[in-house]
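1. The following block contains a protein sequence and its predicted model.
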Amino acid sequence: MSDIKIVDAPAGIEGSGFFATSFDKVIGLARSHSLWPLPFATSCCGIEFMATMGSHYDFGRFGSERLSFSPRQADLLMVMGTIAKKMSPVLKQVYLQMAEPRWVMAVGACASSGGIFDTYSVLQGIDEIIPVDVYVPGCPPRPEAILDGFGKIQELVRNESGRRRDSPEYKEMLASYGIL
Amino acid sequence: MTEETNHNLTNLLSERFGEKIKSVDEPYGLLTIETTKDVIISVLKFLKEDSQTAFNFLTDITAVHYPEKRALAVVYHLYNMVGRVRIRVKVFLHEQQPDIPTATTLWNGANWMERETYDLFGVKFEGHPDLRRILNMDELNVHPMLKQYPLEDPNRVDKKDEYFGR
């Protein structure tokens, strides 16, 4: 028999026939285990992601079985690989097409900082054009590292307040990227 | 055989173009000639169409920047597929006036090669049907392979000396 694990209920008040907790916690819990990632794979980190999706590492265990190849249904943008400056408007458009709440993960050295490509034609980290939630180091990172980064995203999602995306700080941050 | 072929080619070219074929060299057996921009198309046409030369294939067009000579060299690589012979043709242009007639009139394949050379070195190919950038983003306002421009991106922050105790 397989050992089926179910997540623990969030903190709340329990009694006979009822359980009371806050929306933030329930929604965060549900969202964190049903993220739909959009893989934006441009090079070798994308190959590592394919290994992560494969049966050995099985990304689907974390509720992300279904990759979304349309940004409009995606929650998490995973940018894996070198982003040339010519590609940057495409990446930005993909981000803009995603609906809130949306998260971004920069996988590997190139997406995080430009990596070894310190040159005029390569974007020196995708955080020059879009906000990033989690950076995964490595060149390329192993699937374990990508899964660890995904765990960090889940943690962020689980603990995010329902009103964070309406806050002036968040809007200011987006405005600093020229979004809105 | 290479020496003999190169010798024959040199004779053919100097017979036909005389003083316009300036220097002739054979680094690693690759015949390299230098000519001027007013005859470059006739030289290429001769090399392509003459039955004795028959360089039917244009391998590449590129350029080299020599800031100390204030010059840009446009380099054509040709290949004779039947005789398995290669030749390299160079034209030196002044940095401030890098224009040269297009080779798209001889090879359609020259189109993208010339766009690339324009994109990276700013060489203007006169008569090119669609001379715009091909590799770099359109907003880039420099020709990045010219040596006055740094290779590195100025926005890079993690390679500053202070992070390495320098």
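-> That came in fine, so what should we check first?

2. what does chain B put close to chain A?
-> Residues of chain B that fall close to chain A, judged by CB under 8 Å from any CB of the partner chain: B:135-137, B:140, B:144, B:149-153, B:155-159. Heads up, the C-betas are built off the backbone N, CA and C, glycines and all.

3. Tell me the buried residues within these.
-> Buried members of these, counted by 16 or more other CB atoms under 10 Å in any protein chain shown: B:136, B:144, B:153, B:156.

4. Report the beta-bridge partners for the residue most central in space within chain B.
-> Compute the mean C-alpha point of chain B, and by CA atoms, centre = their mean the closest residue is B:V75, 2.1 Å away. Applying DSSP bridges to B:V75 gives these bridge partners: B:T62, B:K90.

5. same deal with A:E14?
-> Residues in a beta bridge with A:E14, per DSSP bridges, are A:F19.

6. Show me what from chain A comes close to chain B.
-> A:84-86, A:88, A:113-114, A:118-122, A:124, A:128.

7. before we move on, the earlier item: tabulate the buried ones among the residues of chain B next to chain A (JSON lines), appending secondary structure, distance to B:D60 and pLDDT.
-> Shown next, in JSON lines, are these (DSSP: H, G, I helix; E, B strand; the rest coil; distance: CB to CB, whole Å; pLDDT from 0 to 100):
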{"residue": "B:N136", "secondary structure": "coil", "distance to B:D60": "18", "pLDDT": "92"}
{"residue": "B:P144", "secondary structure": "coil", "distance to B:D60": "19", "pLDDT": "93"}
{"residue": "B:D153", "secondary structure": "coil", "distance to B:D60": "27", "pLDDT": "84"}
{"residue": "B:R156", "secondary structure": "coil", "distance to B:D60": "31", "pLDDT": "81"}
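
8. What's the per-residue pLDDT of the residue nearest to the centre of chain B here?
-> Looking at B:V75, its pLDDT is 96.

9. before we move on, the earlier item: would you list the buried entries among the residues of chain A next to chain B?
-> A:84-86, A:88, A:113-114, A:118-122, A:124.

10. which ones are touching A:G46?
-> Contact partners of A:G46, counting by CB atoms under 8 Å, 6 or more residues apart in numbering or on different chains, are A:39, A:80-81.

11. rerun at 10 Å
-> When contacts are counted by CB atoms under 10 Å, 6 or more residues apart in numbering or on different chains, A:G46 touches A:39-40, A:78-81, A:107-108, A:140.

12. Provide the secondary structure category for it.
-> Of the three states, A:G46 takes helix according to DSSP: H, G, I helix; E, B strand; the rest coil.

13. how about B:V64, secondary structure?
-> The local conformation at B:V64, judged by three-state DSSP, is strand.

14. on that earlier part again, output the residues of chain A next to chain B in JSON lines; the columns should cover pLDDT and secondary structure.
-> Converted to JSON lines, these look like this (pLDDT from 0 to 100; DSSP: H, G, I helix; E, B strand; the rest coil):
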{"residue": "A:A84", "pLDDT": "94", "secondary structure": "strand"}
{"residue": "A:K85", "pLDDT": "92", "secondary structure": "coil"}
{"residue": "A:K86", "pLDDT": "93", "secondary structure": "coil"}
{"residue": "A:S88", "pLDDT": "93", "secondary structure": "helix"}
{"residue": "A:S113", "pLDDT": "91", "secondary structure": "helix"}
{"residue": "A:G114", "pLDDT": "90", "secondary structure": "coil"}
{"residue": "A:D118", "pLDDT": "90", "secondary structure": "coil"}
{"residue": "A:T119", "pLDDT": "91", "secondary structure": "coil"}
{"residue": "A:Y120", "pLDDT": "91", "secondary structure": "coil"}
{"residue": "A:S121", "pLDDT": "92", "secondary structure": "coil"}
{"residue": "A:V122", "pLDDT": "93", "secondary structure": "strand"}
{"residue": "A:Q124", "pLDDT": "92", "secondary structure": "coil"}
{"residue": "A:E128", "pLDDT": "91", "secondary structure": "helix"}
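
15. which one of those is nearest A:D166?
-> Comparing the residues of chain A next to chain B against A:D166 with CB to CB picks out A:E128 as the nearest, at 25.7 Å.

16. For the closest one, which non-adjacent residue is closest in space?
-> Counting by CB to CB, 6 or more residues apart in numbering or on different chains, A:E128 lies nearest to B:N155, which is 6.5 Å off, once chain neighbours are set aside.

17. Can you give me the pLDDT of that neighbour?
-> 79.

18. who touches it in this structure?
-> Listed by CB under 10 Å, 6+ apart, the contact partners of B:N155 are A:114, A:118, A:123-125, A:128.

19. cool, B:F46 as well?
-> When contacts are counted by CB under 10 Å, 6+ apart, B:F46 touches B:12-13, B:16-17, B:39, B:52-53, B:55.

20. SS state for it?
-> helix.

21. How much space separates it from chain A?
-> Remark: distance between B:F46 and chain A (CB to the nearest CB, to the nearest Å) = 37 Å.

22. Let me see the ranges of the helices in the chain.
-> Unless you meant another one, I'm taking chain A. Remark: helices assigned in chain A by DSSP state H are A:23-32, A:44-53, A:88-97, A:108-113, A:143-158, A:168-176.

23. Oops, wrong one, chain B.
-> Under DSSP H, chain B gives helices at B:2-17, B:40-49, B:110-121.
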